[in-house]
Structures are given as structure tokens and as C-alpha cells.
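> next come a sequence and a model predicted from it.
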Amino acid sequence: MALTLTEDERTELERRVRSRKIRSEDARRAQVILMLAAGESFSTITTTVGCYPDYVSRWKRRFETERLPGLRAKYRGQPATVRTPAMEARILAKTRQRPPDGSTHWSTRKLSKVLGISHVLVARVWRRAGLQPHRFERYMLSDDPAFEEKAADVLGLYLNPPQHAAVFAADEKTAIQALDRLDPVLPLSPGRAERHGFEYYRHGTLSLYAALNTRTGEIVGQTVPRHTSAAFVEFLSDIVATQPKRRAIHVIVDNLSAHKTKGVTAFLDAHPLVHLHFTPTYSSWLNQVELWFAKIERDLLARGIFTSIPDLARKIRRYITRYNEDPTPIRWNYRNPAHRITTDSADTVH
């Protein structure tokens, strides 16, 4: 018995058969239904279309039950793996939204499951756009009302220092732990990283004062049991001792209270050629010595083994001595003096 088609159904099926943009399988099913509606036998259809009788029976039954929607494949095939501009825009837009499961960020598989696409496609789009949802960075927003003035003062010392003057970027690295491993260190070998035992023993802590000569890159360093105003004054005396008499000395420091005591004021009164320049609050990135602190942390402190506080102090002094044999000044670049971190911007200042 031939199928009966409405005019709209016939028009749509004929469109599918003629179309060059739909999947060939969709056009094939449409042709089967049209031939059934024309009263063609199963043998004629299977010969013309190139299929088996059960194929014709299945889609005839689906069409009689659901009409045109029944011709859609219930199995949609593999998730999309081809990157198109529309798909890329969809992935990027969804990536900037919060995942619906309450987690803080997307993974490629989590996003691909929501969008119904391949996780490889998501990874490819993220890589192309430079997105890494699993990573995040921190920044500190300065609340100093005189931020611009203080920052300009410090940057001026880096980029255009006073003639015949010495400029130092100084700070203290506090609570450096003298950690001693209880188990022996296993050295690196081909295919295996150096291994440290999990357990350690704390011998105590000390603080390190360091001042970076911004012109030469040399470090003036002093280890102390604790960072106090008296220790800072003594460190300022060490800085002065490294320079010829009657040379102006500009020292960049942060806003620690120990840098603003009566003892420090008395020292500055006794040494009128020494000038302190304070960075804005929460702006340690403006102090170049912080970059050197990161270097000594990587080179010595993070993986060092120290049997005592004196051993820690000795190794720090040895590191500074050898560093000063071939110091490297920091080439300070400030790309946009008008740019500033705000709550409306996630960009950082370099």
C-alpha cells in the first residue's frame, strides 16, 4: 500500500532529494519515502537507492509513525571536530560563563559535554585564543591616594636617575627558614628528577636585608635575626659605606612601619645625602629588588638544605658574594605610564 503525503511533506522531501547541502543519508531517506508514495515496489527501491529491504521497512515505519521528524537519525554520529567561526565563537562565549555545576572553571571535557562537541576541538580553540581556564593570577589594587606621584617618583629614579647619585632598591625578605632534610637527597639521574625526603627539621628563621644598585646590579646584603627599625638603620649604614663620601644616595623602600621610626628619621638627619623614596601601598612590583629576591629563592632557598641558622646565613652571604662577581642590572621597561590596575580591568602593569 502506497504512502499518502501532504503537499508540504512532498515539497520538503523533494527539496531534500535535490539539495546539495544536506547529508547524503538524509537525501537517501527522502528518496525512499517518495518512491513508496509513488507505489514503487521494495525491489525497485532497493535497486535504485542501493539498500536492503529492511532499510526501506524501517524508514517507512518511522515515517508512518512520526512523519517528517521520524526521518531524523537517532544516532547523531561523532561530536563535531571541525573548527568553524560560528563554533569557535560559541566555545569562547561559553568559556567566559560559569559552569552550571558550581565549579570555578571549565575543563575541555566538561565544556565539550555541555556543547556536545569534541573535547579536542575545545582544546584547539582555547589554544588558538590563548585561554587557560585552569590558571589564574593575583593582583593587588593599591589604595594609596598618592599612587601616581609616588609611582612617578620611583620610575623616574629608574629611568632618569639623578646625575652622580647612587640609586638602591631595598627591602627585607623575612622569616627565611633554615630547613634540614631528615632523609638524604637523591640526586637527579637520566629520566628522574632530584628527590627530597618529605620530612624536614626546622632550625629557625632569619631575615635578609638586600639593596640592589640599579646602575650596576650589585647587591648589598645583611642577614639579621629579625627585621627591626634598628636593623634597618644599621643596614642603611652598610649602604652608605659602599659609596664615596658626598655622593647622594636614593633608597627605594616600601611602607613598612620599621622604615618610618624616630631612629630612621635621626639617621636621615645625620646623613642629609641619603633620601628615602616610598613606593605606593601594595605596589611591591615597583621595587626592583623583589626580582632579585625571586632569583635567590629559585637558586638557593627553595631547595637548599641548611643545618643551622649560621649555615643558612653563610650560604646566603656566599651566594651574594658570587652574584656580585658578575652582577646584572635590571632593564626596567614601563610600557604605558598611563595604565593602571583598576577594578574594571584584569590587565596587569609590566
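Structure's in. What do you need? Residues are numbered from 1 along each chain as shown.

> now do stretch 255-268: distance to the chain's middle.
37 Å (CA atoms, centre = their mean, to the nearest Å).

> that should have said stretch 256-270, apologies.
39 Å.

> could I get it in CSV with only the CA atoms?
This file holds the C-alpha atoms of stretch 256-270, laid out as CSV (Å, rounded to 0.1, in the frame of the first residue of the first chain):
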residue,chain,number,x,y,z
LEU,A,256,56.8,49.1,56.5
SER,A,257,56.5,50.9,59.8
ALA,A,258,60.1,50.0,60.6
HIS,A,259,61.2,52.3,57.8
LYS,A,260,59.5,55.4,59.4
THR,A,261,60.6,55.3,63.0
LYS,A,262,62.3,58.0,65.0
GLY,A,263,65.6,56.0,64.7
VAL,A,264,65.3,56.2,60.9
THR,A,265,64.5,59.9,61.0
ALA,A,266,67.5,60.5,63.2
PHE,A,267,69.7,58.6,60.7
LEU,A,268,68.4,60.7,57.8
ASP,A,269,69.0,63.9,59.7
ALA,A,270,72.6,62.8,60.4
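
> can you give the contact residues for that stretch?
Stretch 256-270 has contacts (CB atoms under 8 Å, 6 or more residues apart in numbering) with 172, 227-233, 236-237, 253, 274-276, 278. Every C-beta, even on glycine, is put in place using the N, C-alpha and C of the backbone.

> those residues in helices, which ones?
Among the contacts of stretch 256-270, DSSP state H puts Ser229, Ala230, Ala231, Phe232, Val233, Leu236, Ser237 in helices.

> my read is that the third one contacts Ser237, right?
No - assessed by CB atoms under 8 Å, Ala231 is found out of contact with Ser237, at 10.7 Å.

> which one of these two has more residues nearby?
For the pair Ala231 and Ser237, the greater number of neighbours falls to Ala231 (18 against 13), based on other CB atoms under 10 Å.

> so what's the backbone phi/psi at the residue nearest to the more buried one when sequence neighbours are not counted?
Sequence neighbours aside, Val224 is the residue nearest to Ala231 in space, at 4.4 Å (criterion: CB to CB, 6 or more residues apart in numbering). With angles defined as degrees, to the nearest 10, Val224 sits at phi -140, psi 150.

> if anything else comes up later, I'll come back, but that's it for now.
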